[in-house]
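Participant: Sequence below, structure please.
(2 chains)
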Number of protein chains: 2
Amino acid sequence: MKIAILGGTGSIGEGFALRWAQDDEIIIGSRRPEKAKSAADRYLSEMESCGFDMSGIKISGLDNHDATKRADLIVLTVMFEHVLTLIEEIYDALENKILVTPVVPMKRIEDHFIYSPPPQGSAALAIKEAVPTSTRVVSVYHNIAARKLKDMECEMEYDAVICSDDEDAKKILFNLTHEIGCLRPLDGGPLAVSNMVESITPLLLNLAKMNGLEDISIRFC
Amino acid sequence: MKIAILGGTGSIGEGFALRWAQDDEIIIGSRRPEKAKSAADRYLSEMESCGFDMSGIKISGLDNHDATKRADLIVLTVMFEHVLTLIEEIYDALENKILVTPVVPMKRIEDHFIYSPPPQGSAALAIKEAVPTSTRVVSVYHNIAARKLKDMECEMEYDAVICSDDEDAKKILFNLTHEIGCLRPLDGGPLAVSNMVESITPLLLNLAKMNGLEDISIRFC
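Facilitator: Below is the predicted model of the structure:
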């Protein structure tokens, strides 16, 4: 698949790029194409220095619109505050694509975080409302610690809950989740229940801070 | 401690009673005292048949009001729909007590559950508003599978996130959680963020049903 990772120059974007590049073509998207290109080059060097066979590995960098246009599937690794503006910019390129949202709307109140969804009820539903009707929205990967995703030797298995109203898109995300290697995909139901998955992220941040834990993710067992 | 388990004739109440009776005095509460008494007798027989030393084990059954009056700490193992009526009935007996809520307001929509909090934002905040100001409310044990709690040989360790505005009450719940044996207590922050813990329960029910899992709980790792 051709996967665009928008906001892919950040830490979580890097994790996805390194993990998926072994099986898929990766296009890093950024507002500034030169920044995207330099991140893509950095990820290629990292993979090379980790000893990967680089023949067939494709990671490139483009601006967000061109990255979206080139891809079959787009992952939004940007903050909720920027997501609707970004969608406006790439709107026409989203037609008939799969759009993956790990986006979590949250706020800091004193020493802790709270889940702060928009009027639609969740980031996923706000995004669904903002994209073309032909775009299939999948909500997943909210609760994965960036540092663990980047660590190619991480052997623990965490859970990735997948919510979508499109069963085929859900299946594609099941496969992509297996490709990542340290994640178990779980069917979370329709997009309407994405709020119950998104709201775990501020909880994880609070638990980490208040209990001296680091980079925690989640496991249902 | 003297612990009242209101609605303690149900499956989750049974788990708490069996676990805590080894260290604490347990009072099962029910609308009908004879039902509470017969549950208490059943739990005593179960413990005896499991080979526990029964000297010093105290489990009794009373109506909800008398159970609350007798206890230092009260656990509400009733459905959200019944909780505010119950609190009205026991209101005066709640003065200066610790009230523990594992209550989750949820609804079934077609084949899945959604979190359905009251206007206050969570069951915990609605309960806090309904009790005397001297009552210290602690929100915990929402995400524990009843069957695992009852299974005295269950060796897996799950997480119990504790939210409260009272640090001393939180400490007491940390200790009680350690006594349970299969749970790790975690500080979740103030009562105001209980919604992020409560909403995991309908998610667990959906995940269990949609992925062929059974009695799942949660682990942050």
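Participant: For the residue nearest to A:S164 when sequence neighbours are not counted, give its distance to chain B.
Facilitator: Counting by C-beta to C-beta, 6 or more residues apart in numbering or on different chains, the nearest residue to A:S164 once its immediate chain neighbours are dropped is A:V138, at 4.2 Å. Heads up, the C-betas are built off the backbone N, CA and C, glycines and all. Look at A:V138 and chain B: by C-beta to the nearest C-beta, to the nearest Å, they are 15 Å apart.
Participant: What is the least confident helix or strand in chain A?
Facilitator: In chain A, no helix or strand scores lower on mean pLDDT, DSSP states H and E than helix A:146-150, which sits at a mean of 90.
Participant: Residue for residue, what is the longest helix chain A has?
Facilitator: What stands out as the longest helix in chain A, according to DSSP state H, is helix A:33-49.
Participant: Show me what it packs onto, helices and strands only.
Facilitator: Helix A:33-49 makes packing contacts with helix A:11-20, strand A:25-30, strand A:59-63 when contacts are defined by 3 or more C-beta pairs under 8 Å, 6 or more residues apart in numbering or on different chains; DSSP states H and E.
Participant: which stretches of chain A form helices?
Facilitator: Taking DSSP H as the criterion, chain A carries its helices at A:11-20, A:33-49, A:64-70, A:80-90, A:123-130, A:146-150, A:167-180, A:194-198, A:200-211.
Participant: Compare those helices and give me the one nearest B:K170.
Facilitator: B:K170 lies closest, by C-beta to C-beta, to one member of the helices of chain A: helix A:200-211, at 10.5 Å.
Participant: Report whether the closest one contacts chain B.
Facilitator: Yes: Helix A:200-211 comes into contact with chain B (C-beta under 8 Å from any C-beta of the partner chain), by way of A:200, A:202-204, A:206-207, A:210-211.
Participant: got a winner among those for most neighbours?
Facilitator: Top of those by neighbour number is A:L203, holding 29 neighbours under the definition other C-beta atoms under 10 Å in any protein chain shown.
Participant: residues in contact with the residue lying closest to that one once chain neighbours are set aside?
Facilitator: Of all residues not flanking A:L203 in the chain, B:M196 sits nearest, at 4.2 Å (C-beta to C-beta, 6+ apart). B:M196 is in contact with A:114-115, A:199-200, A:202-203, A:206, B:188, counting by C-beta atoms under 8 Å, 6 or more residues apart in numbering or on different chains.
Participant: try 6 Å
Facilitator: For B:M196, the contacting residues are A:115, A:199, A:203, by C-beta atoms under 6 Å, 6 or more residues apart in numbering or on different chains.
Participant: contact partners of stretch A:173-182?
Facilitator: Looking at stretch A:173-182 with C-beta under 6 Å, 6+ apart, the contacting residues turn out to be A:19, A:23, A:138, A:140, A:154, A:157, A:160, A:162, A:183, A:185.
Participant: Could I get the buried residue list for that stretch?
Facilitator: Counting neighbours by 16 or more other C-beta atoms under 10 Å in any protein chain shown, one finds that the buried residues in stretch A:173-182 are A:173-174, A:176-177, A:180, A:182.
Participant: with the residues you listed in mind, which one is nearest to A:A126?
Facilitator: When the buried residues of stretch A:173-182 are compared for distance to A:A126 (C-beta to C-beta), A:L173 comes out closest, at 19.5 Å.
Participant: related to what we said a few turns ago, say whether chain B is contacted by the least confident helix or strand of chain A.
Facilitator: No: contact check for helix A:146-150 against chain B, using C-beta under 6 Å from any C-beta of the partner chain: none in range, with a minimum separation of 10.1 Å.
Participant: Residues contacting that helix, please?
Facilitator: Residues contacting helix A:146-150 (C-beta under 6 Å, 6+ apart): A:11-12, A:14-15, A:154, A:215.
Participant: thinking again about what came up before, my guess is the residue nearest to A:S164 contacts A:C163. True?
Facilitator: No: with contacts defined as C-beta atoms under 6 Å, A:V138 does not count as touching A:C163, sitting 7.3 Å away.
Participant: what about the two, which has more around it?
Facilitator: The residue with more neighbours, out of A:V138 and A:C163 and counting by other C-beta under 10 Å, is A:C163; that gives 28 against 25.
Participant: Need the per-residue pLDDT for A:M152.
Facilitator: Turning to A:M152, the model gives it a pLDDT of 84.
Participant: go on, A:V161?
Facilitator: At A:V161 the predicted local distance difference test score is 98.
Participant: how much space between it and A:I144?
Facilitator: As for A:V161, its distance to A:I144 is 11 Å (criterion: C-beta to C-beta, to the nearest Å).
Participant: Equivalent analysis for A:H65, please.
Facilitator: Using C-beta to C-beta, one gets 26 Å for the distance from A:H65 to A:I144.
Participant: Pick out whichever of these two has more residues nearby.
Facilitator: In terms of neighbours (other C-beta under 10 Å), A:I144 is the more surrounded of A:H65 and A:I144; the figures are 24 against 19.
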